[in-house]
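1. Here's my sequence, what's the structure:
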Amino acid sequence: MRYVEDIPGGPFATVPTNEEGTAGWRTIRPVIHLEKCTRCNVCWKFCPDVAIDFDSEGFPVVLLDFCKGCGICANECVPKAITMEREE
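-> As a prediction, the model looks like this:
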């Protein structure tokens, strides 16, 4: 099995874009609805910023310091367990 760390170079964010992360300029963010989530990991596979981790039960958790709000995770989520919501 290959891991993200094994992929040389590429469009992966390894540190926040500034000290506040992306929260200072992101306008929308993904919200994961666990009751719909099948833990298929598609959101993690498609996230270009490596902004998705997993909790102790295997459910995805968005790392908001890294998430840019692109919406790819929500678009690729087959059970539609991820919605994009405005930042407050």
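2. all strands for this protein, in order.
-> 28-32, 52-54, 60-62, 82-86 (DSSP state E).
3. and those as CSV, adding mean neighbour count?
-> All C-beta spots, glycine's among them, are computed from the backbone N, C-alpha and C. As requested, the strands of the chain are arranged in CSV below (neighbours: other C-beta atoms under 10 Å):
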stretch, mean neighbour count
strand 28-32, 18
strand 52-54, 15
strand 60-62, 18
strand 82-86, 14
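4. For residue 38, find the nearest of these.
-> Taking C-beta to C-beta, strand 60-62 is the member of these nearest to residue 38, at 10.5 Å.
5. Tell me which strands that closest one pairs with, and in which orientation.
-> Paired neighbours of strand 60-62 in the sheet (DSSP bridges): strand 52-54 (antiparallel).
6. how about the strands of the chain, which one is nearest residue 74?
-> Using C-beta to C-beta, the strands of the chain put strand 82-86 closest to residue 74, at 4.1 Å.
7. got the contact list for that closest one?
-> 27-33, 43, 69, 71, 73-74 (C-beta atoms under 8 Å, 6 or more residues apart in numbering).
8. can these go into TSV with extra columns for distance to residue 82 and pLDDT?
-> As requested, the contacts of strand 82-86 are exported to TSV (distance: C-beta to C-beta, whole Å; pLDDT from 0 to 100):
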residue	distance to residue 82	pLDDT
27	16	91
28	12	95
29	10	95
30	5	97
31	7	98
32	5	98
33	7	98
43	6	97
69	12	94
71	9	96
73	5	97
74	4	98
